[in-house]
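> Give me a model of this one.
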Amino acid sequence: MDNKKQETEKATSEEFDVTRRSAMKKILLGGALVGSVAIFGSSLVPNLTNRAVSNGAVSSGYYADNLVSMSSPVASLTTVTVGAAYPSASNSLPKPANRPSLLYTGSIHDGASSLQLAVIAGILARDTPKIYLADAAFSDNNLEGAMSNHYGVSFNNSQSTNALISMFGSEACGSPARWIRYEASYDMGSQLGQNEAVDQLNAVRTLCGVFNALPVPAGQSPPISAEGSPLYDISSWGSSVPLYQKIWGMVSGSVGKQWLAINPPSGSSLRLDMTDYIVMSKAFSFQVPLVKLNSSYPSVQDQKNFAASVINAYPTPYAVLGYSGIGLPDGGKYEVDFVSALSGGSGANNSSLAGSSPSAHGAGYYTGAQNVGNMSVKTAFAPFSGATFPNPAAAPAYSSGQKYISIIASQGDCLDWTENNLASYMLACQSAGMPIGITMTQTSQWLSPPIVHWYIDNINSNSGIVTSGSAGAGYNHVTELPNMSQFLATGAQTGANANVKDFFFIDGPGVNPLANGASVANEYINGLKNGGVSPRSLWWWSPTGVAPSIINGVPCFFTAINISETNLSSQGQCNTAIGKAIDSAHSNFIAMFLNTTWPNPSFLKSACASHGAKPLPPGTFANLYRSAHGLSPI
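Numbering: from 1, shown residues only. Model prediction:
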């Protein structure tokens with residue numbers, strides 16, 4: 001697992017799809033939420049308005065209680081307890097009460113206006129989504145096409161972001177509108193400033209969701225007719241633990257507890273994408289860097305203690321959406337430690353919350369969603385139904401003298417990669433005639449059903465879907481979970497629901513699935529079978545260079561070489577990697593995972609040919625192995 005620790009800085013390593021990353025950087029322009037000026041104004045009066053205090057807003061969730069006639073209360077959110085529920089049948093993720101038929105499109109790249117429109121979109125979506133915030137052309141085209149084709153949704157592109165705020169702001173936030181002032185003027189060139197800015201952003205999104213209010217940067221006026229003073233002015237409430245403690249004390253009884261938002265800094269830009277779903281769900285959003293950034297910054301112990309106290313307020317299992325935000329100030333460098341903390345709590349090996357008081361419980365199912373917008377729209381179609389992935393292409397005749405290889409693109413545990421990079425790469429590989437495996441988080445069946453439809457519509461026999469680690473139910477270390485059987489059942493149910501039967505697993509530090517008579521692998525297989533699916537195969541990227549094994553009637557494949565050796569961009573690198581994989585595999589069935597940099601598919605195709613290896617998509621590869629070893633294809 002050390003390789004995972006070294007290689008999974010997803011937010012900064014998406015080298016295949018540079019357009020996507022460039023689009024996110026456009027937040028720097030046009031009054032965006034970055035820099036020392038832009039939308040960030042001066043600190044103003046920190047006091048609550050008398051009106052908010054007198055109406056009990058601090059403790060009772062005043063606006064949530066008194067706006068029942070609006071289309072925004074939590075009570076109007078729908079949860080589904082049948083089918084492939086996530087994270088569990090008794091605690092499934094929130095979704096709108098109704099599906100949309102018409103969506104107005106704004107932009108996520110208009111700075112403060114985008115933040116305001118995303119808040120409005122989230123409030124309105126509790127009843128029926130009305131707003132879609134466009135981001136990147138490739139994913140938007142795919143998602144909009146799938147929503148039109150499969151759900152009959154129409155899109156109106158005639159209005160600007162600001163025009164949509166004027167159209168829908170009063171409906172969401174009242175007339176005159178309620179608003180919350182927050183601080184945004186920070187040095188975005190420093191780690192301290194980046195953390196301070198994201199803390200204020202997290203805080204204002206949480207409050208706007210609970211109180212159905214509009215976020216307004218200090219120094220600016222509300223963009224629509226609004227009350228004379230803000231419901232809250234948090235611009236001088238600071239950052240980090242003191243800020244989050246104050247917000248948590250106000251809203252802990254009002255926020256939804258199906259999922260927890262963890263959103264760390266992203267360099268000099270702020271991620272706005274999850275705003276609509278945070279607000280729709282009335283979710284709590286926070287992060288702690290576990291670094292003392294200056295002499296007055298909260299201690300690492302205080303940061304751990306606060307994070308643990310929040311986690312313990314959530315029933316298990318619960319979902320975590322966002323990114324690696326209990327860790328270093330730039331997020332992601334110790335992702336394994338973050339995953340350990342969510343999986344097994346404070347007591348897990350390598351947990352970033354080790355030594356916290358209180359001790360945090362585990363069972364937080366984690367999906368990377370930091371760059372995923374419009375979940376308040378996409379969840380209206382959850383849970384996914386009505387189509388399944390095709391069965392694998394028929395396996396070729398087996399020859400013991402032939403080398404067979406299956407190459408799988410990793411990073412599907414991040415929903416943004418599922419919607420963008422992996423979708424692009426699948427099309428590129430299919431165009432080049434290069435068989436490929438695509439990892440996919442099965443949380444997409446809840447958070448983005450349209451993208452599942454898109455994959456089913458566009459996949460061909462040269463591609464195959466493998467669940468992301470682990471089992472598609474979350475990027476988690478399964479052996480560290482306190483509810484392993486429930487987690488595996490969730491993965492099994494979502495896999496069966498879409499006809500995905502090849503399962504990828506990520507284990508915690510020091511775990512070998514083949515040790516002690518393959519006890520861990522047996523546990524996983526039994527858990528999947530008990531959950532209602534007969535797995536075609538299981539896949540791991542650790543230990544490396546181990547020959548395939550049949551365990552409990554299921555082929556188990558292990559990557560031939562470490563993923564640190566599979567960031568590939570040239571023909572020469574592909575030749576070297578394929579050659580080393582063949583030499584290391586100890587079998588004529590060779591598995592290889594690509595890490596975060598994916599080569600031109602023609603390079604892979606040429607490298608396989610030059611080494612005499614026949615590439616196969618994972619399902620076909622697994623069925624050929626099954627047939628060659630006396631097992632029936634699935």
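> For the longest helix anywhere in the chain, name the packing helices and strands.
If you go by DSSP state H, the chain has its longest helix at helix 191-211. Contacting helix 191-211 under the criterion 3 or more Cβ pairs under 8 Å, 6 or more residues apart in numbering; DSSP states H and E are the following elements: helix 62-66, helix 112-125, strand 179-182, strand 214-217, helix 240-251, helix 275-281, strand 285-286. All C-beta spots, glycine's among them, are computed from the backbone N, C-alpha and C.
> swap the cut-off to 6 Å and go again
strand 179-182, helix 240-251, helix 275-281, strand 285-286 (3 or more Cβ pairs under 6 Å, 6 or more residues apart in numbering; DSSP states H and E).
> so how far is it from its chain's centroid?
Put simply, helix 191-211 sits 19 Å off its chain's centre (Cα atoms, centre = their mean, to the nearest Å).
> Name the surrounding residues that touch it.
Helix 191-211 has contacts (Cβ atoms under 6 Å, 6 or more residues apart in numbering) with 63, 119, 180, 182-183, 186-188, 215, 231-232, 234, 239-240, 243, 247, 251, 254, 263, 265, 270, 275, 278-279, 282, 284-286, 289, 293, 329.
> Are any of the residues you listed buried, and if so which?
With neighbours counted by 16 or more other Cβ atoms under 10 Å, the contacts of helix 191-211 contain buried members at 63, 119, 180, 182-183, 186, 188, 215, 231-232, 234, 239-240, 243, 247, 251, 254, 263, 265, 270, 275, 278-279, 282, 284-286, 289, 293, 329.
> Just confirm Leu214 contacts Ile180, I think it does.
No - if you go by Cβ atoms under 6 Å, Leu214 and Ile180 don't touch, sitting 7.2 Å apart.
> Without its sequence neighbours, what residue ends up closest to Tyr323?
Gln370 (4.0 Å; Cβ to Cβ, 6 or more residues apart in numbering).
> where are the low-confidence patches of the stretch 201-350 of the chain?
329-333 (pLDDT under 70).
> which residues of it fall in helices?
Secondary structure of the stretch 201-350 of the chain (DSSP state H, counting those that start in this stretch): helices located at 240-251, 275-281, 300-311, 335-344.
> export the shortest one as CSV, just CAs?
The one in question is helix 275-281. This file holds the C-alpha atoms of helix 275-281, laid out as CSV (Å, rounded to 0.1, in the frame of the first residue of the first chain):
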residue,chain,number,x,y,z
THR,A,275,-21.9,23.5,-3.4
ASP,A,276,-25.3,22.6,-4.8
TYR,A,277,-25.4,19.2,-3.2
ILE,A,278,-24.0,20.5,0.1
VAL,A,279,-26.8,23.0,0.2
MET,A,280,-29.6,20.7,-1.0
SER,A,281,-28.6,18.1,1.6
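> How far does that helix sit from its chain's centre?
14 Å.
> Show residues contacting that helix.
Here helix 275-281 makes contact (Cβ under 6 Å, 6+ apart) with 94, 118-119, 121-123, 125-126, 205, 208-209, 256, 261, 285, 375-376.
> give me that answer again for 7 Å
Helix 275-281 has contacts (Cβ atoms under 7 Å, 6 or more residues apart in numbering) with 94, 115, 118-119, 121-123, 125-126, 133, 205, 208-209, 256, 258-259, 261, 285, 373-376.
> could you measure Ala496 against Asn512, distance?
With distances taken as Cβ to Cβ, to the nearest Å, Ala496 is found 28 Å from Asn512.
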